[in-house]
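Trainee: Give me a model of this one.
(one chain, ligands or ions: 2)
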Amino acid sequence: MTVTGASGTEGADEFDVIVVGGGPVGENAADRASRTGLTVALVEAELVGGECSYWACIPSKTLLRPGAALAAAAAVPGLSAQVEGLAVDPGPVLAWRDRMTSGWDDAGQVGWLDSVGVTLVRGHGRLAGERLVEVDPPDDPSRDDTAAGAPGSDHAAPRRLRARHAVVVATGSVPAQPDVPGLAGALPWSSREATSASAVPESLVVLGGGVVGSEMATAYADLGSHVTLLARHGLLSGAEDFAGEAVEAGLRTIGVDVLTGVSVRAVERPEPGGPVTVRFDGGGSGDGGAVTAAELLVATGRVARTADVGVETVGLEPGRPLAVDDTMAVVGVEPGDRAPWLYACGDVTGRHQTTHQGKYQGRVVGDVIAARFGDARREGAPTRDDAVPAPGAEPRRWSRYAASADDAAASQVVFTRPQVAWVGLTERAAAARGLDVRTVRYELGDVSGGSVTAVGYRGTGQLVVDTRRRVVVGATFVGPDAGELLHAATIAVVGEVPLDRLWHAVPAYPTVSEVWLRFLEAYGL
Ligand SMILES: Cc1cc2nc3c(=O)[nH]c(=O)nc-3n(C[C@H](O)[C@H](O)[C@H](O)COP(=O)(O)OP(=O)(O)OC[C@H]3O[C@@H](n4cnc5c(N)ncnc54)[C@H](O)[C@@H]3O)c2cc1C
Ligand SMILES: NC(=O)c1ccc[n+]([C@@H]2O[C@H](COP(=O)([O-])OP(=O)(O)OC[C@H]3O[C@@H](n4cnc5c(N)ncnc54)[C@H](O)[C@@H]3O)[C@@H](O)[C@H]2O)c1
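Mentor: Numbers count the residues shown, from 1 in each chain. Ligands and ions are numbered 1, 2, ... in the order given. Model (predicted):
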């Protein structure tokens, strides 16, 4: 429908809900918002499926899998001798990666959007006031970000969309680049180039010891690159210290030079495409030094993508994450005396930067919007026990309309070797919240399931227990396939299952999950 006559909205196309950003999170929000009969438009500037599908989760995990499989085989008698000396063959790996990203073509995801009845609007969207979104056509040559993979459009001028009820911002995040002399001019890789490269550089410097840096250092070492990782402090600083230490040791084992305590001073690349030199202070000897490689990957964090989304038109500060309440309504939007109409989810909120946690938020916001504005009695509409909270009211914790897990039970898996998986609070985070906690730690290699999995199986598990309530508030696992151990811990944390009841959750023998029994025994049960 096209609006005529309404002030400032003349010629605007109307939808009940407009979602800006068609990454995994926006897709989920759009799908769920449409389930009570609301019309939903999804605005996407590049590829439907977002960073995760084409330049993040999927290609990175594809690049990491062969090295993990080879290492697993090398630890099993009867196979270890056969695979000794084998290296990952980059050609088929890169080809597999290309298949997993559908050759950077989003036709499959667009087909899914069609199947759930969501209207795709291609182009760069930005807020233009309350419930208004302007979309620059994707073939605008002045915008870099609309070029890749998006088909042309008939619209020369911005297209105006008006939401009858709600706008959801799910524009994700962009890489942060530190202000280091020479860095920008050296045209370093970001995670995009690292995950989509068509050839493996002979050597690679990775700047940043977080999740991207640790995973990509692993992948490129597996693919045959000589990798140097420069980190300001220990690796994976968001995780328990023992996890980062294990990943650092793992990287060294596969030949990565890991330098910690590094502060980068300057970057030089005299010839475009030629070798790049990174000069730094610190890094072990304390005197610093320089490292030269064929390529440089900058992996120093990501920032919410709000700089170019028009948030200033509704009284918010561009460049900052969109603060949300637990219904995912954006806080501090003008005008402030009306029912919430602006929502956000995913990386753009600054809450977490993982696909699964963002998709969870997308489900929450979609359900909130569907319940607040749609027809819940419509045939096929989901049934809910909970009442949607009144605008401005706190949602009931753990209801369908509250992203409670963001605070209490967010999880993450880092696909390094060893893998690292955690949920809920680290020991440090629990102490910062004033909880009285006790940790129990157990070596996974001392569990029968570990010893039958591999010779010299090594890994560590740790629970953080709230001693007052006698419930698990956090867990970390480090070891081969540690990510597969995580969900039991997530259920224990979300369910606030008392230790005395967990005692009756009997882990099967001989699985690595038997560590749960050992944890409880170590706690004194
Ligand atoms: C290398 C790497 C590996 C990762 N691996 C994992 C992993 O294994 N597991 C995991 O859980 N997480 C992983 N992540 C994190 C994960 O990719 C993000 O948390 C996730 O993509 C966030 O989803 P999103 O929908 O919020 O944002 P995005 O995926 O960034 O999607 C946002 C979308 O919005 C579009 N957009 C932006 N601005 C506009 C605009 N103005 N108008 C229209 N469209 C716009 C973008 O084009 C994009 O399609 C990884 C990240 C990186 C960098
Ligand atoms: N498996 C997964 O779930 C997965 C994989 C990759 C990325 N991600 C997400 O993507 C996001 C971005 O990843 P990331 O690794 O870029 O960020 P990160 O926050 O995990 O790590 C960034 C690292 O860069 C360091 N750093 C910052 N400025 C620096 C500087 N000037 N010099 C040297 N080091 C500097 C930080 O100290 C930190 O260690 C993360 O939040 C992560 O959750 C998730």
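
Trainee: Name the residues of the chain found near ligand 1, please.
Mentor: Proximity of the chain to ligand 1 (Cβ under 6 Å from any ligand atom) is limited to residues 20-26, 43-46, 50-52, 56-57, 60-61, 124-126, 170-173, 191, 195, 212, 305, 309, 346-347, 353-356, 358. (Each C-beta comes from the backbone N, C-alpha and C, glycine too.)

Trainee: Go back to those residues and keep what's next to ligand 2.
Mentor: For ligand 2, the contacts drawn from the residues of the chain next to ligand 1 by Cβ under 6 Å from any ligand atom are 212, 353-354.

Trainee: If you rank those residues by neighbours, which is first?
Mentor: Neighbour counts for those (other Cβ atoms under 10 Å) peak at Val212, which has 24 neighbours.

Trainee: how close does that one sit to Ala56?
Mentor: Separation of Val212 from Ala56 (Cβ to Cβ, to the nearest Å): 9 Å.

Trainee: which residues are in contact with both of these two?
Mentor: Shared contacts of Val212 and Ala56 (Cβ atoms under 8 Å, 6 or more residues apart in numbering): Ser191.

Trainee: Helix, strand or coil: sort out Gln353 for me.
Mentor: Gln353 falls in the coil class when you classify it by DSSP: H, G, I helix; E, B strand; the rest coil.

Trainee: got the contact list for the nearest residue to it once chain neighbours are set aside?
Mentor: Among residues not flanking Gln353 along the chain, Asp347 sits closest, at 5.0 Å (Cβ to Cβ, 6 or more residues apart in numbering). For Asp347, the contacting residues are 23, 25, 172-173, 302, 304-305, 353, 358, by Cβ under 8 Å, 6+ apart.

Trainee: that older thread, turn the ones next to ligand 2 among the residues of the chain next to ligand 1 into JSON lines, including distance to Thr490 and pLDDT.
Mentor: Shown next, in JSON lines, are those (distance: Cβ to Cβ, whole Å; pLDDT from 0 to 100):
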{"residue": "Val212", "distance to Thr490": "23", "pLDDT": "98"}
{"residue": "Gln353", "distance to Thr490": "18", "pLDDT": "98"}
{"residue": "Thr354", "distance to Thr490": "13", "pLDDT": "98"}
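
Trainee: Ligand 1: which of the residues you listed is nearest?
Mentor: Thr354 (3.4 Å; Cβ to the nearest ligand atom).

Trainee: in the sheet, who's paired with the nearest residue to the closest one once chain neighbours are set aside?
Mentor: Closest residue to Thr354 apart from its sequence neighbours, by Cβ to Cβ, 6+ apart: Gln412 at 5.6 Å. Gln412 has the following beta-bridge partners by DSSP bridges: Trp422.

Trainee: How about the residues of the stretch 401-525 of the chain by ligand 2?
Mentor: Proximity of the stretch 401-525 of the chain to ligand 2 is confined to 412-415 under the rule Cβ under 6 Å from any ligand atom.

Trainee: Just give the number of residues close to the closest residue to ligand 1 within the stretch 51-200 of the chain.
Mentor: Across the stretch 51-200 of the chain, the shortest distance to ligand 1 (Cβ to the nearest ligand atom) belongs to Gly172, at 2.2 Å. Neighbours of Gly172 under the rule other Cβ under 10 Å: 23.

Trainee: What are the structural domain limits within the protein?
Mentor: 13-52+104-141+155-173+304-404, 184-300, 418-523 (the TED database).

Trainee: Quick one: end-to-end length of the first one, please.
Mentor: Between the opening and closing residues of domain 13-52+104-141+155-173+304-404 we find a distance of 35 Å, counting by Cα to Cα, to the nearest Å.

Trainee: The shortest one too?
Mentor: This stretch, domain 418-523, spans 26 Å end to end (Cα to Cα).

Trainee: right, and out of the contacts of Asp347, which lies closest to Ala454?
Mentor: Gln353 (31.6 Å; Cβ to Cβ).

Trainee: contacting residues around the closest one?
Mentor: 173, 302, 347.

Trainee: Please apply the same query to Ala381.
Mentor: Contact analysis of Ala381 by Cβ under 8 Å, 6+ apart lists 35-37, 370, 374-375.

Trainee: Tell me where the model's unsure across the stretch 251-400 of the chain.
Mentor: Within the stretch 251-400 of the chain, the ranges that satisfy pLDDT under 70 run 285-286, 335-337.

Trainee: on that earlier part again, mind checking which of the residues of the chain next to ligand 1 land in helices?
Mentor: Residues of the residues of the chain next to ligand 1 located in helices (DSSP state H): 24-26, 50-52, 57, 60-61, 191, 195, 212, 355-356, 358.

Trainee: Next, count neighbours for Arg470.
Mentor: 17.

Trainee: where does the closest residue to Gly255 other than its chain neighbours fall, helix, sheet strand or coil?
Mentor: Distances taken as Cβ to Cβ, 6+ apart place Ala221 nearest to Gly255, at 5.7 Å, with adjacent residues excluded. Per three-state DSSP, the secondary structure class of Ala221 is helix.

Trainee: leaving aside the residues next to it on the chain, what's closest to whichever residue of the stretch 1-150 of the chain sits closest to ligand 1?
Mentor: Per Cβ to the nearest ligand atom, Gly23 is where the stretch 1-150 of the chain lies closest to ligand 1, at 2.1 Å. Computed as Cβ to Cβ, 6+ apart, the closest residue to Gly23 that is not its neighbour in sequence is Gly50, at 2.3 Å.

Trainee: Enumerate the residues of the stretch 251-400 of the chain near ligand 2.
Mentor: Proximity of the stretch 251-400 of the chain to ligand 2 (Cβ under 6 Å from any ligand atom) is limited to residues 264, 299-302, 353-354.

Trainee: these two touch, right, Thr416 and Ala219?
Mentor: No - applying Cβ atoms under 8 Å as the test, Thr416 and Ala219 come out as separate, 9.4 Å apart.

Trainee: Which neighbours do these two have in common?
Mentor: Leu64.

Trainee: what about Asp406, how many residues close to it?
Mentor: That count, for Asp406 with other Cβ under 10 Å as the rule, works out to 19.

Trainee: typed the wrong thing, it's Ala157
Mentor: Residues within reach of Ala157, counting by other Cβ under 10 Å, total 10.

Trainee: What helix or strand is it located in?
Mentor: Under DSSP states H and E, no helix or strand contains Ala157.

Trainee: got a list of what it touches?
Mentor: By Cβ under 8 Å, 6+ apart, the neighbours of Ala157 are Pro137.

Trainee: what's the closest non-adjacent residue to Gln357?
Mentor: Take Gln357 and drop its neighbours on the chain: the residue closest to it by Cβ to Cβ, 6+ apart is Ala410, 5.3 Å away.
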